[in-house]
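In: Predicted model and sequence below, questions to follow.
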Amino acid sequence: MASTRSALVDGLIGWGTYVVGLVPAAVYFWLGATGGLGADPVRSFEQTLGLWALRFLILTLAITPLRQLVRINLLRYRRALGLLAFWYAVMHFTVYLTLDRGLIWSTIIPDIARRPFITLGFAALVLLVPLAITSNRWSIRRLGKNWRMLHRLVYVAISLAAIHYLLATKVLDPTQALHFALVVMLLGYRLARGVFVRRPERRIA
Ligand code: HEM
């Protein structure tokens with residue numbers, strides 16, 4: 001009975017997080033459809049989706065230090081946050097393919113292959129695919145220890161995404177600097193813990 005209730009609460013929290021997390025996409029979609037996104041609505045929409053993808057990756061990686069350093073336990077939100085990051089990245093990519101590039105594959109493929117910042121963004125998205133596919137209890141049970149190893153790819157994905165963001169613009173603005181600093185701090189924390197803490201936590205949440 002208690003486990004049924006906790007599964008129900010977990011389910012509600014998961015769905016609630018998705019609903020709240022998709023609000024920025026819905027708002028910007030509405031603004032775009034009603035002419036509220038300025039002179040270059042496609043670009044604004046594309047940029048916003050990319051930025052939220054990065055923000056959700058940052059939030060996903062912030063869960064562990066928050067728990068370890070200040071005892072705030074938000075583990076139950078982590079899966080939904082990670083999947084939100086993935087879906088925002090997919091939407092960002094979809095806008096790039098359709099509204100930005102008009103599905104003209106003869107220009108898209110060379111663009112991904114030749115422009116380093118696009119290549120990095122694409123690589124980040126590719127790395128997120130196996131993580132999204134295995135973000136469920138069945139995969140955690142099935143993959144065992146390998147699940148943790150596989151999910152370390154998120155560190156590579158967020159690094160590529162942060163560099164992609166830095167290279168997307170020619171000048172470093174305060175928003176970029178803030179997001180980049182957060183990524184560096186989150187990765188630095190993992191690195192420092194790996195070096196200084198001998199017995200890492202083994203629990204798979
Ligand atoms: C994890 C995956 C990704 C993340 C987190 C991400 C994030 C971002 C961010 C934060 C920006 C800058 C937004 C701004 O200027 O405010 C951006 C720009 C951009 N991204 Fe991504 N991106 C990802 C994947 C991709 C992929 C797969 C593509 C296409 C193959 C792509 C294409 C672009 C383009 C073309 C821009 C520049 C838009 C413009 O300013 O005109 N991104 N991305």
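Out: Now that the structure is in, tell me what you want to look at.
In: Tally up the residues packed near residue 87, please.
Out: For residue 87, the neighbour count with other Cβ atoms under 10 Å is 20. Every residue, glycine included, has its C-beta placed from N, CA and C.
In: list the contacts for it?
Out: residue 22 (Cβ atoms under 8 Å, 6 or more residues apart in numbering).
In: measure it to the ligand for me?
Out: The spacing between residue 87 and the ligand, counted by Cβ to the nearest ligand atom, to the nearest Å, is 11 Å.
In: what about that residue, distance to residue 56?
Out: 9 Å (Cβ to Cβ, to the nearest Å).
In: Same check on residue 147?
Out: To residue 56, residue 147 is 20 Å away according to Cβ to Cβ.
In: of these two, who's got more company?
Out: residue 56 (22 against 16).
In: wait, the more buried one sits on residue 88?
Out: Yes. Between residue 56 and residue 88 there is a contact under Cβ atoms under 8 Å: 5.9 Å.
In: Show me what the helix or strand bottoming out on mean pLDDT in the chain packs onto, helices and strands only.
Out: For the chain, counting by mean pLDDT, DSSP states H and E, helix 2-21 ranks last in confidence among helices and strands (a mean of 83). Helices and strands touching helix 2-21, by 3 or more Cβ pairs under 8 Å, 6 or more residues apart in numbering; DSSP states H and E, are helix 78-95.
In: Can you point out the buried residues in the helix it packs on?
Out: 78-93, 95 (16 or more other Cβ atoms under 10 Å).
In: Show me what from this protein comes close to the ligand.
Out: 43, 46-47, 50-51, 53-54, 89, 92-93, 96, 112, 118, 121-122, 124-125, 128, 157, 161, 164-165, 168-169 (Cβ under 6 Å from any ligand atom).
In: In strands only, show me those residues.
Out: Of those, none are assigned to strands by DSSP state E.
In: I'd like to know which of those are buried.
Out: Looks like these have 46-47, 50-51, 53-54, 89, 92-93, 96, 112, 118, 121-122, 124-125, 128, 157, 161, 164-165 buried, using 16+ other Cβ under 10 Å.
In: residues contacting the residue lying closest to residue 187 once chain neighbours are set aside?
Out: Nearest non-adjacent residue to residue 187, counting by Cβ to Cβ, 6 or more residues apart in numbering: residue 155, 6.1 Å away. Residue 155 makes contacts with 61, 187, 190, as judged by Cβ under 8 Å, 6+ apart.
In: Need the pLDDT of the second one.
Out: Confidence per residue is given as pLDDT, and for residue 187 that number is 98.
In: was I right about it contacting residue 160?
Out: No. Between residue 187 and residue 160 there is no contact under Cβ under 8 Å: 11.9 Å.
In: Point out where the chain drops to low pLDDT.
Out: Low-confidence segments of the chain, defined by pLDDT under 70: 1-3, 198-205.
In: any idea where the helices of it begin and end?
Out: Applying DSSP state H to the chain gives helices spanning 2-21, 23-33, 41-70, 78-95, 105-114, 116-133, 137-143, 145-151, 153-168, 174-196.
In: right, so the ones you listed: which one is the most enclosed?
Out: helix 78-95 (a mean of 21; mean count of other Cβ atoms under 10 Å).
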